[in-house]
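*Asks:* Following is a predicted model, sequence given first.
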Amino acid sequence: MEKKKRAAQSQPDKVIPIKMDATFFFERAVQSLDRYHYDKALKYFRRAAEYEPDNPVNHCNLAGLLSEMGNYEESNVILQQVLDQVDPTMTECYFYMANNFANMENYESAEKAIIHYLEHDESGQFLEESEEMIELLTYELDRPTQLTGIKSREGMFEHDRARALLEEGKFTEAVRILENIVEKHTDFMAARNNLALAYYYMGYFDKSIDMIRQVLELDHGNLHALCNLAIFYQHFGDVEKLGELLEVLRKTYPFHQDHVFKLATTMGILSEHETAYRLFKRLLKTGEAGLDPCLFHYTAVAAYHTKRYSEAERQWRQAEKFDPGSEIPKFYLSLLDKSRHEEEKPSVSYHYHLPFEEQFRGLEKSTEGLPDHLKRDPLVRSSFFWALRHGDTETKLQVIQAFGLIADNEVKEALLEFVQEPGEDDYLKKVAIFVLRSIGIQEPVDAVLEGRKLVVPASPFSPNLTVWETKWQQIMDMALEQMNRRYDMVQQYDLQTLWVEFLSRVSPDHMPKISKVEGWAAALEYLTAKMHRRAISYQELSYRYGVSVKTISKNVKVIDDACGLREKMETIFSKFASFDNKAK
């Protein structure tokens, strides 16, 4: 017996100690919630709060769960403790308490709590929800609620307008309004967060991250700012800081649905798909997010990335049901079906729109231009702005063409700014100027071309043409009118370039007699089509322009002789043929 005791004592200790801290119990709580074991989750949230009593997030997590379980009185006790003992500046606790009192039908107390929230909260984070509650309380108490003032209301009208502009994708105008609000009201956190978002949509990353840091200096626990900051750390590849911030976000169990949604979308973008899936499912279960096809899409994407393919299909079917006219759910259902048996599955985006490449494929097939719903979609518009600043040359060219179809003030400002960027390709800038002219900008345009600042006149720009005659413009206008909807913006621009090059080469000594405008316009279209390897015939042009084949053919030869176009095309096509042969 003694030998056995000694043998047992000599064995090395193989027990790995468990680190019992707030994080451990938070994770256990979340796991329990996923299994709908609310009693266990409640126990673990209590332990997390015991281990970190000075962390208000732990207490609010506990209060939020108690509220969801219908234990409103205890939830309010904890929220009051947060205000009395942990962080008196957390004015949102009064909003949560007001909700709890309203659920208990204690409308007098709910009114006191919501008034305190509105009169002391500077950010206006739950202003819309508070206004809805006041409507309810006015009805239940049969009298108006007496408010002496709303702390966050200053600048709120302008802020609402700026938010509406953001939702419409009109970022430049939204930025102007938000910058003005922030200058006047430095503690307006919602305006600062939306300004950071607007900068981000427009591709101004440095400005956006600076604004986020300003928000966090004023309100270190602002969830919207923390989520935005995490996305920036990912964008700039700052793995260490991202990891630290993710630890904080993983421990956050938001009380309000708006926070749940923000955290869910952020975790999805950060590829924390398991957390995103849990949060999106929570939104669907509570039903407070409504029957929004976007939410079904987000849940489907999270399910897809966590290999819950049947669940992903079910959620995309739901999106299709509530958005029957959209191509988006159909596209992702098709992608899911095609990739079921592929070992390496394609990545899919949380944004509820077609991938950037698919949008352009649709534009190329369409003869009606960009659909109105895409023109207004802020995510589509932001992807265009991003691509114009950060895409490759081909993508930027596609964006410039798409801007020609959108043709609003936001687009005009973006293109006017683009043509002044010294580092951008001159050809892209010339196409952008052509697009600006086509959408109504007729005044001279400031631009940087060939490394020089210059003013591009309203007439087609060429240093060799000192005048621009009316008949020359009529020929180009007629050709462009005929080409509209048949050719893209790049091809239309190339026609203009060809015409200007021809006139520059023959002017003034060898200028041919121009009598029939239609014959020259048809010749320009013919040569442009040939440059882009498009099928076209003299007979077709003769019919459309109302001019003889002989006239078109003669003018084609004159332009070709002056510009050496046929020789240029043969060189280009021989290069393509050589490349094709090597590929084979």
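*Replies:* Looks like it arrived, so ask away.
*Asks:* Quick one: list the elements packing against the helix or strand where L335 lies.
*Replies:* Secondary-structure assignment from DSSP states H and E places L335 in helix 328-339. When contacts are defined as 3 or more Cβ pairs under 8 Å, 6 or more residues apart in numbering; DSSP states H and E, helix 328-339 packs onto helix 293-305, helix 309-322. Backbone N, C-alpha and C define where each C-beta goes, glycine included.
*Asks:* got the contact list for L279?
*Replies:* For L279, the contacting residues are V260, F261, L263, A264, M267, by Cβ atoms under 8 Å, 6 or more residues apart in numbering.
*Asks:* picking up where we left off before, using a markdown table, lay out the helices and strands packed on helix 328-339 together with distance to A102 and mean pLDDT.
*Replies:* Below are these laid out as a markdown table (distance: least, Cβ to Cβ, whole Å; pLDDT from 0 to 100):
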| stretch | distance to A102 | mean pLDDT |
| --- | --- | --- |
| helix 293-305 | 25 | 90 |
| helix 309-322 | 29 | 90 |
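*Asks:* got CSV for the ones you listed, with mean neighbour count and distance to N194 too?
*Replies:* CSV is the format used below for the helices and strands packed on helix 328-339 (neighbours: other Cβ atoms under 10 Å; distance: least, Cβ to Cβ, whole Å):
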stretch, mean neighbour count, distance to N194
helix 293-305, 24, 19
helix 309-322, 18, 27
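*Asks:* In JSON lines, list the ones you listed along with distance to R163.
*Replies:* What follows is those, written out as JSON lines (distance: least, Cβ to Cβ, whole Å):
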{"stretch": "helix 293-305", "distance to R163": "17"}
{"stretch": "helix 309-322", "distance to R163": "24"}
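*Asks:* right, so of the ones you listed, which gets closest to E173?
*Replies:* helix 293-305 (24.0 Å; Cβ to Cβ).
*Asks:* still on that earlier bit, which among the contacts of L279 gets closest to R317?
*Replies:* Taking Cβ to Cβ as the measure, R317 lies nearest A264 of the contacts of L279, at 20.4 Å.
*Asks:* ok, which stretches of this structure are strands?
*Replies:* Counting by DSSP state E, the chain has strands at residues 445-449, 452-456.
*Asks:* Name the strands paired with the first one and say parallel or antiparallel.
*Replies:* Its sheet considered, strand 445-449 pairs with strand 452-456 (antiparallel) by DSSP bridges.
*Asks:* in the partner strand, what counts as buried?
*Replies:* Buried residues in strand 452-456, counted by 16 or more other Cβ atoms under 10 Å: V456.
*Asks:* Now do that strand, average pLDDT.
*Replies:* Strand 452-456 carries an average pLDDT of 80.
*Asks:* just stretch 540-551 next, same as before
*Replies:* The average pLDDT within stretch 540-551 is 89.
*Asks:* what does that stretch rub up against?
*Replies:* The contact list for stretch 540-551, computed with Cβ under 8 Å, 6+ apart, reads M478, Q482, K516, E518, G519, A521, A522, E525, Y526, Y538, Q539, I552.
*Asks:* List the buried residues for it?
*Replies:* L541, S542, Y545, V547, T551.
*Asks:* returning to what we had before: could I get the contacts of L279 as TSV with distance to N193, pLDDT and neighbour count?
*Replies:* Formatted as TSV, the contacts of L279 follow (distance: Cβ to Cβ, whole Å; pLDDT from 0 to 100; neighbours: other Cβ atoms under 10 Å):
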residue	distance to N193	pLDDT	neighbour count
V260	17	89	22
F261	14	88	21
L263	14	91	24
A264	17	91	28
M267	18	91	26
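*Asks:* Quick check: the residue lying closest to E274 once chain neighbours are set aside vs L335, distance?
*Replies:* In space, and not counting its chain neighbours, E274 is closest to T306: 5.6 Å by Cβ to Cβ, 6 or more residues apart in numbering. Distance, T306 to L335, using Cβ to Cβ, to the nearest Å: 17 Å.
*Asks:* Ok, M202 next?
*Replies:* Taking Cβ to Cβ, one finds M202 at 29 Å from L335.
*Asks:* can you check L246 too?
*Replies:* Using Cβ to Cβ, L246 is found at 28 Å from L335.
*Asks:* Report the contact partners of A190.
*Replies:* The contact partners of A190, by Cβ under 8 Å, 6+ apart, come to S123, G124, Q125, S152, H159.
*Asks:* Mind putting those residues into TSV with pLDDT and neighbour count?
*Replies:* Converted to TSV, the contacts of A190 look like this (pLDDT from 0 to 100; neighbours: other Cβ atoms under 10 Å):
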residue	pLDDT	neighbour count
S123	73	22
G124	74	21
Q125	79	24
S152	61	26
H159	83	23
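*Asks:* Thanks again, I'm all set now.
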